[in-house]
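Novice: just to be clear, the model below is a prediction. Sequence and coordinates:
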Amino acid sequence: MSRDGNEAIVPEGDGHVVQKKTNVPKDGGSGHWNDCTFEVVMIDNRTLPSEANPETFWGMTAVINHEYAKKFGYKFTLVHPDYIKGKEPDYDVNWLKPLYFAQRLQELKESTRCKWFLFLDSDAFVREFDVPLEKFIPDLLAKYNIPKNVAAVFAKEKAIPGVSSEGHLSPPIFNWLNPGVFLVQANAQSQFFFNAWLEGGQHSKPFDASHPALRFLRKESPFFFGHFPGLRDLRKQWPAEMGVLTQLYENNQDIKSMLGTVDMLEMNSPSGKFVEHAWGGWGSEKKKTDFSDMLARIGTFAEPGKFSKWLGQVEKCTVSWTPTPWAAESEATKEATKPWSFFSYLAPLFFACVFVSAALTLCCRLAPRKH
């Protein structure tokens, strides 16, 4: 994107870029922290369970994060996607995150009040229960020298030497920007960024299996890699929205300038301090213990029926949301999947007939003749 704001560089799935005309917002503003409002958001398409059970952990984390929000008077929203019958999306469920925030920020575009969101995946929860967002966020921005008008803050994955659990290695050095936990400020910058993220997904090409992440998986985790062979469509397959986000950050300097990045140990890893994210892979075994431990620490099991009561409060904060239709088919995908025309079907048949005719003619000429 040129600095005059007239051209945007939109990365494609293989890291190449295309030029597009656009306008880049110059500033978002943040206001004073005491005047800010905060909202904790989760998105899940599963039904809430009736009891605390690590097998249905999304109910446990929803209760924990709801109680954190309630403690400081923040709004808590559990978004439940409500697809139009017969029009279920043909993209990976993780794309619901940028889709939701693009729509939500569009609704807030006329607001001038400072507002921040904390988004958490369903296997993530706030650990530092006594730290309010109005302290955590400005301290984090100051620590990493992040501008106050930042659009969003993500954690960057890194290798942690010696860390391994249940046979899973800690992330290698390809440094994903992980969108499992992130902070969003409602401003012009974030509106632009989330739209660019979605546009990057729309124009992405299949993710090349030669990428360092996939080479690593092929070598270290052949079983896992077997589930994702060859090229992958980022609309439907891992690394999906994470792959597009990381490429945007690495290839587009204007997008990079809108985002803040922090160490994953701050708020987005199985060892996260403010937020623990017990994602799949290394650290996933923490789902068996850490969610229950956190529920115990906040007094969930102090009296019978308390978890059910709090779960009922979560249900009241659940909103149905119909995702805005997303034309997330790349041109390459459209070309590969478009219906054949009548003549397209005739062409192979024609050439097959020509080939058979030529073969028969050749056989007749080569066949011995009787005299």
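Specialist: Right, received. Where do you want to start? Only a predicted model underlies this, so the values are computations on that prediction, with no experimental measurement involved.
Novice: give the bridge partners for the nearest residue to Val184 once chain neighbours are set aside, please.
Specialist: Counting by CB to CB, 6 or more residues apart in numbering, Val184 lies nearest to Phe117, which is 4.3 Å off, once chain neighbours are set aside. For every residue, glycine as well, the C-beta is placed using N, CA and C. Here Phe117 shows beta-bridge partners Glu39, Val184, assigned using DSSP bridges.
Novice: how many residues are close by Phe117?
Specialist: When neighbours are counted by other CB atoms under 10 Å, Phe117 registers 25.
Novice: looks like it contacts Tyr100 (just checking).
Specialist: No: the criterion here is CB atoms under 8 Å, and Phe117 misses it with Tyr100 at 10.0 Å.
Novice: which residues do the two both contact?
Specialist: Between them, Phe117 and Tyr100 share these contacting residues under CB atoms under 8 Å, 6 or more residues apart in numbering: Val41.
Novice: quick check, Glu276 in a helix?
Specialist: No: according to DSSP: H, G, I helix; E, B strand; the rest coil, Glu276 belongs to no helix; its state is strand.
Novice: pLDDT score for it?
Specialist: Turning to Glu276, the model gives it a pLDDT of 96.
Novice: number of nearby residues for Lys273?
Specialist: Applying other CB under 10 Å, we find 14 residues neighbouring Lys273.
Novice: still on that earlier bit, residues in contact with the residue nearest to Val184?
Specialist: Phe117 touches 38-41, 101, 104, 183-186, counting by CB under 8 Å, 6+ apart.
Novice: Leu248 now?
Specialist: Contact analysis of Leu248 by CB under 8 Å, 6+ apart lists 11, 196-197, 200, 255.
Novice: per-residue confidence for it?
Specialist: pLDDT, Leu248: 89.
Novice: does it count as helix, strand or coil?
Specialist: helix.
Novice: ok, it to His203 distance?
Specialist: 11 Å (CB to CB, to the nearest Å).
Novice: repeat that for Glu266.
Specialist: In terms of CB to CB, Glu266 sits 31 Å off from His203.
Novice: can you pull out the helices in the stretch 101-250 of the chain?
Specialist: Using DSSP state H, counting those that start in this stretch, the helices found in the stretch 101-250 of the chain span residues 133-143, 188-202, 212-220, 222-225, 240-251.
Novice: residues of stretch 255-272 that come out buried?
Specialist: Residues of stretch 255-272 classed as buried by neighbour count (16 or more other CB atoms under 10 Å): 255, 258-264, 266-270, 272.
Novice: what is the burial count for Trp176?
Specialist: 21.
Novice: can you redo the contacts of Phe117 as CSV with neighbour count and distance to Lys70?
Specialist: Shown next, in CSV, are those (neighbours: other CB atoms under 10 Å; distance: CB to CB, whole Å):
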residue, neighbour count, distance to Lys70
Phe38, 21, 12
Glu39, 18, 12
Val40, 22, 9
Val41, 21, 14
Phe101, 25, 22
Arg104, 20, 21
Leu183, 24, 19
Val184, 23, 20
Gln185, 25, 22
Ala186, 26, 21
